[in-house]
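Trainee: quick one: sequence plus predicted model below, questions after.
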Amino acid sequence: MGGLWSIDDSSRDSDVFTTIEEIVFDEMSHMGVVCNMLTTIGGVPRVADERLVPKYPGPLPGGVRPELSVSLTGLTKQSLDMYSQIERPDDPVVDDREIQTSIGAFYTAILEAFGNHQNLISGTRQVTRRMSSHGRGNDVVPLRSFDDVKAAIKIIKEQGEGTAASPENPFPGHLGELAHFSSFREIFHGRKLMVVSEDPPTFDFQGSEIPMPRTFPMGTVPRGGWAEGGLPVSIKVRNLLGTFNDHYSSLLRFLEQAWQAEQPSTAGQRLNKAIGEMRELQEPTQQLMRIPLPDGSGKTYGPEFRYVEART
């Protein structure tokens, strides 16, 4: 989200903005489906807990890509490389590097666990949301059987990684849409991915140019937030950070409560409130991105994504 919000208003009609926005909607759908995976086996999503909310810079959860440190910053070549490393499949069609700790491998392990414990799948507290306007596989659907879980994990993996034969997203919002990994690599290389030989199909970044959009030069958020980074933080910045963190934390609480609800109507209301809180995040973010850091680096502030308890 920080990368998307760092794109200047003058570049909001760029291909890069559209591509990253599509990926954001895919990831929202994935989170909803994963929450349904938890509740269908009697679990409860825990996302509104200061001890569990990810800290940045820091590792990915679940032992995925243990060598990778994920940070909060604006859209740059470096952050695009980080995004693509998060989504990198074990056997990418455009890279020979072998890695066996991918998100896809993580979901394969989850699927195996479901396969070994199919008796636990009960279909309880399943939240639904129509999101197919953003892609054929993007509806948040109930998971009441092992086949439902298998289909959901297939969508998550292939939207993120593509398939062994193609870098395309098999569940696209528009014809020719690439999976997340290849989309990020296109923007990183500044060129469209294209077929360069047919037998076997070989892909390379030799297509038309993809210009980088104008962006706010957001710096990298220090671990613990800007106040922990050794630079003075003004009252204005503190207030904007507080506003963002309050809305972000309310968003997480409403999401958690949606999957705790016994009635679908209540779950839907709480999910709508979470979406409302999400829409409140962009304004303080872009205000922060217009305020230079006081170190002469030319970089600016940006959101911290810190969880804070509700104000009483």
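Mentor: Arrived safely, thanks for sending. Treat the numbers as computed from the prediction; the structure is a model and nothing was measured. Residues are numbered from 1 along each chain as shown.
Trainee: that's a strand at residue 211, yeah?
Mentor: No: assigned with DSSP: H, G, I helix; E, B strand; the rest coil, residue 211 falls outside any strand and is coil.
Trainee: quickly note the distance from it to residue 183.
Mentor: Remark: distance between residue 211 and residue 183 (Cβ to Cβ, to the nearest Å) = 15 Å. Yep, even glycine has a C-beta here, placed from its N, CA and C like the rest.
Trainee: please say which of these two ends up with more neighbours.
Mentor: residue 183 (25 against 11; other Cβ atoms under 10 Å).
Trainee: list the contacts of the more buried one.
Mentor: 19, 23, 177 (Cβ atoms under 8 Å, 6 or more residues apart in numbering).
Trainee: let's see if you can find the most crowded of the residues you listed.
Mentor: residue 23 (25 neighbours).
Trainee: ranges for the strands of the stretch 201-312 of the chain?
Mentor: 201-204 (DSSP state E, counting those that start in this stretch).
Trainee: shaky segments in it?
Mentor: 312 (pLDDT under 70).
Trainee: quick one: the helices in it?
Mentor: Secondary structure of the stretch 201-312 of the chain (DSSP state H, counting those that start in this stretch): helices at 235-258, 264-279, 282-288.
Trainee: residue 247 - how many residues pack around it?
Mentor: The burial count for residue 247: 20, using other Cβ under 10 Å.
Trainee: for it, which non-adjacent residue is spatially closest?
Mentor: residue 280 (4.4 Å; Cβ to Cβ, 6 or more residues apart in numbering).
Trainee: same check, this time on residue 103
Mentor: residue 64 (5.4 Å).
Trainee: that neighbour: neighbour count?
Mentor: 17.
Trainee: could you do the one 5 residues further on as well?
Mentor: Residues within reach of residue 69, counting by other Cβ under 10 Å, total 13.
Trainee: quick one, strands of the stretch 51-200 of the chain?
Mentor: For the stretch 51-200 of the chain, the strands defined by DSSP E, counting those that start in this stretch cover 194-198.
Trainee: give me the low-pLDDT residue ranges for it?
Mentor: Short version for the stretch 51-200 of the chain, where the test is pLDDT under 70: 91-100.
Trainee: do a quick rundown of the helices in it.
Mentor: With DSSP H, counting those that start in this stretch, the ranges of helices along the stretch 51-200 of the chain come out as 77-87, 103-116, 146-161, 180-189.
Trainee: distance to residue 286 added to the ones you listed, as JSON lines?
Mentor: As requested, those are exported to JSON lines (distance: least, Cβ to Cβ, whole Å):
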{"stretch": "helix 77-87", "distance to residue 286": "17"}
{"stretch": "helix 103-116", "distance to residue 286": "29"}
{"stretch": "helix 146-161", "distance to residue 286": "27"}
{"stretch": "helix 180-189", "distance to residue 286": "21"}
